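> curious how this folds, go ahead:
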Amino acid sequence: MSATTLDTHVPLDTLYHNHHGWLCQWLRGKLDCPQQAADLAQDTFVRILVRAEPVANQAPRALLRTIARGLVIDHWRRSALERAYLEALAQLPEAHQPSAEQHHETLQTLEYIAAMLEGLKPRVRTAFLLYRLGGLTHGAIAEQLGVSSRTVERHVATAMLHCYRLRFDDR
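Now for the predicted structure:
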């Protein structure tokens with residue numbers, strides 16, 4: 001590597017030293033929790049560490065902010081999912097409460113499903129969830145969404161293909 005190439009990249013230790021405090025502060029403003037902000041700052045630098053390409057010297061904070069923003073969104077989504085799950089659990093009688101292990105496994109499964117459905121358009125995702133989880137027919141979903149039964153059929157097929165590709169295309 002030439003000296004010019006080395007000058008255009010920031011070593012990870014320098015990046016961490018120069019920007020970790022700023023990133024923690026930025027994350028605190030988003031999360032209102034210093035411990036969670038510190039965790040996500042560390043996760044951001046771990047993502048940088050496992051990246052294949054080095055960090056350019058141009059606007060390293062923009063890269064850090066982009067990665068951290070994605071982690072914050074994931075954190076918010078997980079928190080909302082967990083709150084909804086806990087609210088549903090609160091409705092169950094004591095005898096039907098899951099064990100701590102079942103609770104953890106269920107949350108992991110819910111996070112996995114939410115991540116799989118993330119790339120779908122809202123109407124497609126809604127139609128799929130109403131069909132698969134709600135047990136509604138295409139006609140009932142069509143009536144609820146104000147679309148044709150054929151459109152619901154296409155939405156469900158699109159969602160199933162999307163999930164199939166995410167699940168099996170990596171193999």
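> look up phi and psi at Cys33.
With angles defined as degrees, to the nearest 10, Cys33 sits at phi -150, psi 110.
> from His19, how far out is it?
Distance of Cys33 to His19, given as Cβ to Cβ, to the nearest Å: 20 Å. Every C-beta, even on glycine, is put in place using the N, C-alpha and C of the backbone.
> if you count surrounding residues, which of those two has more?
Between Cys33 and His19, counted using other Cβ atoms under 10 Å, the more crowded position is His19 (21 against 13).
> how about residues contacting the helix or strand the more buried one falls within?
Per DSSP states H and E, His19 falls inside helix 12-31. Residues from elsewhere that reach helix 12-31, judged by Cβ atoms under 8 Å, 6 or more residues apart in numbering: 10, 34, 36-38, 40-41, 44-45, 48-49, 55, 60-61, 64-65, 68, 72, 75.
> buried ones in it?
Judged by neighbour count (16 or more other Cβ atoms under 10 Å), helix 12-31 contains these buried residues: Leu15, Tyr16, His19, His20, Leu23, Cys24, Trp26, Leu27, Arg28, Lys30, Leu31.
> distance of the third one from Leu130?
Going back to what we said before, that points to His19. As for His19, its distance to Leu130 is 45 Å (criterion: Cβ to Cβ).
> again, but for Arg165
21 Å.
> higher neighbour count, the two?
Leu130 (20 against 12).
> so the more buried one makes contact with Ile141?
Yes: counting by Cβ atoms under 8 Å, Leu130 does reach Ile141; the two are 4.8 Å apart.
> in what helix or strand does the residue nearest in space to the middle of the chain lie?
Using Cα atoms, centre = their mean, the residue of the chain that lies closest to the mean C-alpha position is Asp74, 3.7 Å off. Using DSSP H and E, the secondary-structure element containing Asp74 is helix 60-90.
> just checking, what packs against that helix?
Applying 3 or more Cβ pairs under 8 Å, 6 or more residues apart in numbering; DSSP states H and E, we find helix 60-90 packed against helix 12-31, helix 34-50, helix 100-117.
> can I get the ones you listed in JSON lines with mean pLDDT?
What follows is these, written out as JSON lines (pLDDT from 0 to 100):
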{"stretch": "helix 12-31", "mean pLDDT": "92"}
{"stretch": "helix 34-50", "mean pLDDT": "91"}
{"stretch": "helix 100-117", "mean pLDDT": "84"}
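> in CSV, list the ones you listed along with distance to Gln91.
Shown next, in CSV, are the helices and strands packed on helix 60-90 (distance: least, Cβ to Cβ, whole Å):
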stretch, distance to Gln91
helix 12-31, 29
helix 34-50, 28
helix 100-117, 15
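> picking that back up, and the angle from the helix holding His19 to helix 60-90?
Counting by axes from the mean of the first three to the mean of the last three Cα atoms, to 10 degrees, helix 12-31 lies at 50 degrees to helix 60-90.
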